[in-house]
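**Q** Got a predicted structure here, sequence first:
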Protein chains: 2
Amino acid sequence: MITRPTLILDKQICIDNIANMALKAKQNNVILRPHFKTHQSAEIGEWFKEYGVECITVSSVKMAEYFASHGWKDITIAFPCNILEWKVINELASKINLNIVLESLDTIQFLEEHITNPVGVFIKTDTGYGRTGIKADDYTSMQMLLNQLKECKNLIFIGYLCHAGHTYKAKSIQEVRDIAKDAKEQMLALKTFLSADFPLAQLSYGDTPSCSIINDLSDYDEIRPGNFVFYDETQAQIGSSSKESIAVALACPVVAKYPERNEIVVHGGAVHLSKDSALNEEDEPYFGTALRLNNNQWDINEVIGEVCRISQEHGTIKVSTEIMESVKIGDVVAILPIHSCLTANLMKEYTTTTGEKITMMT
Amino acid sequence: MITRPTLILDKQICIDNIANMALKAKQNNVILRPHFKTHQSAEIGEWFKEYGVECITVSSVKMAEYFASHGWKDITIAFPCNILEWKVINELASKINLNIVLESLDTIQFLEEHITNPVGVFIKTDTGYGRTGIKADDYTSMQMLLNQLKECKNLIFIGYLCHAGHTYKAKSIQEVRDIAKDAKEQMLALKTFLSADFPLAQLSYGDTPSCSIINDLSDYDEIRPGNFVFYDETQAQIGSSSKESIAVALACPVVAKYPERNEIVVHGGAVHLSKDSALNEEDEPYFGTALRLNNNQWDINEVIGEVCRISQEHGTIKVSTEIMESVKIGDVVAILPIHSCLTANLMKEYTTTTGEKITMMT
């Protein structure tokens, strides 16, 4: 019985999400190297193996250690390499196929001086997101990095890696298509420009909106979506998934009702959902959609209301007068998260709809 | 040596913050019942004992269990009572002085039917924050709750509890003073109105901005500030503390530099700092202030820049051209958090400036 904020996982939805992405990768003849930062769970990782997944992506050296300790042998740390962690990187590289992501001469130089085991290297390539990476059309900088990499003994150049994270700001499916098309053209042009020296360079492409929406991904060697394993309100808004494909919801006990302002308050706040917000139809920020929960199952058609405010432990849900009358103190509602990666990271444990507990990296 | 995002705690600043609040409580002849949701650490809790603190506040039943298991015998759970947790509440009440916070007849009725051990009860009183509680001037509702409480065997009415959380939105010290004055008048009027039946009702007052800024708190029986143990950017903006009084900072390795856009990227993102933001002087959201870190010590005068964007693991810091030239990949910077409660909750461990590890509730 649920008595506290609990992250419910619908295993069937999750498996379907994995199956769909694995099928798309297969149809495109690309490797699916899913990003495990979303679920951070060795047990959920096992579900991917059923679909032939052998290579994964993580967002930190710590997460690489965790999944390596759970049997994963081919891991890309898709974050600009933190040279301070070179010892752990070097140790991991002695045990598994480890790839890192680089974008600076200083980092290459430092690693080459310190690393004694071969490490695969992707050059982080910026196709317009503007967070990290060398701009895809900055061939001069690319060439400089590659020239230096050529001289390295243990840094083995594999290819170019981009994360078109600006799809997260897209307001329509067409906008995602445009961003993905632009990214593909940039990546292909980059590969072509440098193909004389690096004909075998791989192209690695990320982000759940693109990988969910775009059908033709065949120009890439691998795709690295992560969030698709659960999806969330943000993805449903973008159009990457339907609300039916959201695989996690936070179960929250109702603790107070305010009929005079049409609000109910639940135990479920920023330490459970995170403070990530999206804009609702009235262009106001909200923190999740509350649904009815029956026998640990939510129904996306039974909407209670939107989480309109959030503090450390409180979530405030705006409800209609009818809902106000039907919801009782002691009921448990299900909140679809705005950003499932952050919610999962906070909750540190899943409870399936059939009551099974699933642990995560701590 | 710091190689990963690490939450640094300056123990001396923290102890000074505790000492100052304990002194203020003593001068006002009120009980300091600090809110432990900020630090969530048994070890840091011990530091309060040196200053005579015996009663504490927590924000969940789980947190009450944690601190009770670490020897605390007088705990108020300052969150609208979640009746689904009545068994744990009942068990805790058999071992310690446990107070809960109520605001509905349904909750009172349910608990009276289920609870077998005496539990102290505060009525949650809303003095204008508008999150939870009975409005302080809604004497009719108050009277109804109190009449029902009078009939209860194990629910022992203690007093009225308010959290003037709207001080967090204050733009000046004067605004905090105005909110606190208004809250005090409402609380005193409430007590006076019901004094014929409940002459001994206590007044419990919360929130760090008020308790830090207001000197005369002598009308209350107890105060429950929490954030003051660390303070943060938000409190410094409000004027509750100086930046010098901020006791925690997130140490983050520099992983990338972008001179063309005057930005550096660190390992330190939403899973470390939280996504809480404040507005900077240009009225734009920011996620923390980055400072230089030398030997695990930060200096608030050595500002590197503001964290202008944040994602799951990345923090992007806007810097000047001079700073860009002086900061190197592999440096570690210190970020003062916007909201130290959420940052501490995410990090789950402190490292003191002298390298000692301090654990938290998990």
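**A** Yep, it's here. Model, not experiment: these values are computed from the prediction.
**Q** which residues of the stretch 251-362 of chain A fall in strands?
**A** A:263-267, A:278-279, A:285-286, A:289-294, A:297-310, A:314-318, A:332-336, A:349-352, A:357-359 (DSSP state E, counting those that start in this stretch).
**Q** mind putting those in TSV, distance to chain B, mean neighbour count and mean pLDDT included?
**A** Placement of C-beta: from N, CA and C, glycine included. Below are those laid out as TSV (distance: least, CB to the nearest CB, whole Å; neighbours: other CB atoms under 10 Å in any protein chain shown; pLDDT from 0 to 100):
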stretch	distance to chain B	mean neighbour count	mean pLDDT
strand A:263-267	5	26	98
strand A:278-279	12	14	96
strand A:285-286	11	18	98
strand A:289-294	13	22	97
strand A:297-310	7	19	97
strand A:314-318	6	24	98
strand A:332-336	7	26	98
strand A:349-352	11	18	98
strand A:357-359	12	13	98
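**Q** Name all residues that make contact with A:L203.
**A** Counting by CB atoms under 8 Å, 6 or more residues apart in numbering or on different chains, A:L203 makes contact with A:G159, A:Y160, A:M187, A:L188, A:K191, A:D219, A:Y220, A:D221, A:E222.
**Q** Could you tell me the per-residue confidence at the fourth one?
**A** What it means is A:L188. At A:L188, the model reports a pLDDT of 97.
**Q** before we move on, what about the last one?
**A** Per-residue confidence at A:E222 stands at 98 (pLDDT).
**Q** My read is that it contacts A:C211, right?
**A** No - at 10.6 Å, A:E222 does not count as touching A:C211 under the criterion of CB atoms under 8 Å.
**Q** overlap in contacts of these two?
**A** Common neighbours of A:E222 and A:C211 (CB under 8 Å, 6+ apart) are A:Y205.
**Q** Mind checking which of these two has more residues around it?
**A** A:C211 (28 against 22; other CB atoms under 10 Å in any protein chain shown).
**Q** burial of the nearest residue to that one once chain neighbours are set aside, as a residue count?
**A** Nearest residue to A:C211, sequence neighbours excluded (CB to CB, 6 or more residues apart in numbering or on different chains): A:P225, at 3.9 Å. The number of residues packed near A:P225 is 25, by other CB under 10 Å.
**Q** again, but for A:E50
**A** 11.
**Q** Equivalent analysis for A:D137, please.
**A** 15.
**Q** My guess is it contacts A:A189. True?
**A** Yes - applying CB under 8 Å as the test, A:D137 and A:A189 come out as touching, 7.2 Å apart.
**Q** Can you give the distance of stretch A:153-161 from its chain's centre?
**A** Stretch A:153-161 has its C-alpha centroid displaced from the chain centroid by 24 Å (CA atoms, centre = their mean, to the nearest Å).
**Q** check contacts around A:G226.
**A** Contacts of A:G226 (CB under 8 Å, 6+ apart): A:P34, A:H35, A:F36, A:K37, A:T38, A:T57, A:G206, A:T208, A:C341.
**Q** Poorly predicted segments of chain A, please.
**A** Within chain A, no stretch has pLDDT under 70.
**Q** What is the longest helix along it packed up against?
**A** In chain A, assigned by DSSP state H, the helix with the most residues is helix A:173-193. Contact analysis of helix A:173-193 by 3 or more CB pairs under 8 Å, 6 or more residues apart in numbering or on different chains; DSSP states H and E lists strand A:119-126, helix A:139-150, strand A:155-162, strand A:202-206, helix A:208-213 as its packing neighbours.
**Q** Which of these sits closest to B:I2?
**A** strand A:119-126 (22.5 Å; CB to CB).
**Q** tell me which strands and helices whatever helix or strand comes next after that closest one is in contact with?
**A** Of the helices and strands lying after strand A:119-126 in sequence (DSSP states H and E), the nearest is strand A:134-135. The contact analysis (3+ CB pairs under 8 Å, 6+ apart) places strand A:134-135 against strand A:119-126, helix A:139-150.
**Q** A:E43 reaches A:T359, doesn't it?
**A** Yes - contact status for A:E43 versus A:T359: in contact at 6.7 Å, counting by CB under 8 Å.
**Q** what touches both of those two?
**A** In contact with both A:E43 and A:T359: no residue, using CB under 8 Å, 6+ apart.
**Q** on that earlier part again, need the overlap of contacts for A:D137 and A:A189.
**A** With CB under 8 Å, 6+ apart, A:D137 and A:A189 have no common neighbours.
**Q** sorry, back to before: what are the phi and psi angles of the residue nearest to A:C211?
**A** Main-chain torsions, A:P225, degrees, to the nearest 10: phi -70, psi 150.
**Q** In contact with it, which residues are there?
**A** A:P225 neighbours (CB under 8 Å, 6+ apart): A:M21, A:P34, A:H35, A:G206, A:D207, A:T208, A:S210, A:C211, A:S212.
**Q** and the two most separated of these?
**A** A:P34 and A:S210 (13.9 Å).
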